[in-house]
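> Attaching a predicted model along with its sequence, questions to come.
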Amino acid sequence: MLSVTTSHAQIISTETKSYGSTGNDFLNDLMEVGNHWYLVGSFQDSIIFDGFPLISEGLQDGFIVCLDSNWNTIWADRIGGKYSDNITSVIHNKSGDILVSGYFQKKAKVGKTSISGLYFISHFIAKYTSYGNLCWIKKFDKRNWLGNCKIINDENDNIYFTGTFKDTLLIAGRKIPSVGKTDIFLVLCYV
């Protein structure tokens, strides 16, 4: 319940839940679809979402977690490799699939799927079923990473991918040079 007065806002809640590891943990985005909540972010070392332990393979790994309406974990997955990896945004499509975006450094694994980038840092979009099964993962290579990426979709379920880059962006075999010091990119993805 949110109570607002003219002088200040006060948040009153009897429902709380927390997760954490011995390192730094970050929640980057969340979304509610029907009776489920989806959380994405990053963690260090290991983290347990109720009975779902995730173990980092490197400095920092990304996570996606699905919770029910009572905030109990239904499923959890991670993306990670030797370096810092992160999941930065989450959306859903009309079919009920879950799409996430983020970045990985050099090589990473999502479940049994491995992915490698051409440069040190690459961005990705991954699609999961609502049951947590990975459908696919697509990568976008950037020579220099500068900030998080985000995905959105429109009423026709077209997926748009956005972020910032420096020097060169490589998408679908096409090199896009930076005009200034840092540039913004917006891509309509055909996946």
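Thanks, I have the structure now. Numbering: from 1, shown residues only.
> CA atoms for contacts and neighbours, from now on please.
Fine.
> Name the residue closest to the centre of the protein, please.
The structure's the chain has its C-alpha centroid closest to Ile87; by CA atoms, centre = their mean the separation is 2.4 Å.
> Now that residue. Nearest residue, chain neighbours left out?
Gly102 (4.1 Å; CA to CA, 6 or more residues apart in numbering).
> bridging residues for that neighbour?
Ile87, Phe124 (DSSP bridges).
> just Tyr160 next, same as before
So, taking DSSP bridges as the rule, Tyr160 has Ile152, Leu188 as bridge partners.
> which one is Leu27 nearest to, not counting chain neighbours?
Using CA to CA, 6+ apart, the closest residue to Leu27 is Gly41 (4.4 Å).
> Just the pLDDT at that neighbour, thanks.
pLDDT for Gly41: 93.
> isn't it right up against Gly20?
No: using CA atoms under 8 Å, Gly41 is not in contact with Gly20; the gap is 11.6 Å.
> Helix, strand or coil: sort out Thr22 for me.
coil (DSSP: H, G, I helix; E, B strand; the rest coil).
> who are the neighbours in contact with the spatially closest residue to it that is not a sequence neighbour?
Nearest residue to Thr22 in three dimensions, chain neighbours excluded: Asp45, at 6.7 Å (CA to CA, 6+ apart). If you count contacts by CA atoms under 8 Å, 6 or more residues apart in numbering, Asp45 has them with Ser21, Thr22, Gly23, Ile55, Ser56, Glu57, Gly58, Leu59, Gln60.
> Okay, Asp45 and Asn24: tell me how far apart.
In this view, Asp45 and Asn24 are 9 Å apart by CA to CA, to the nearest Å.
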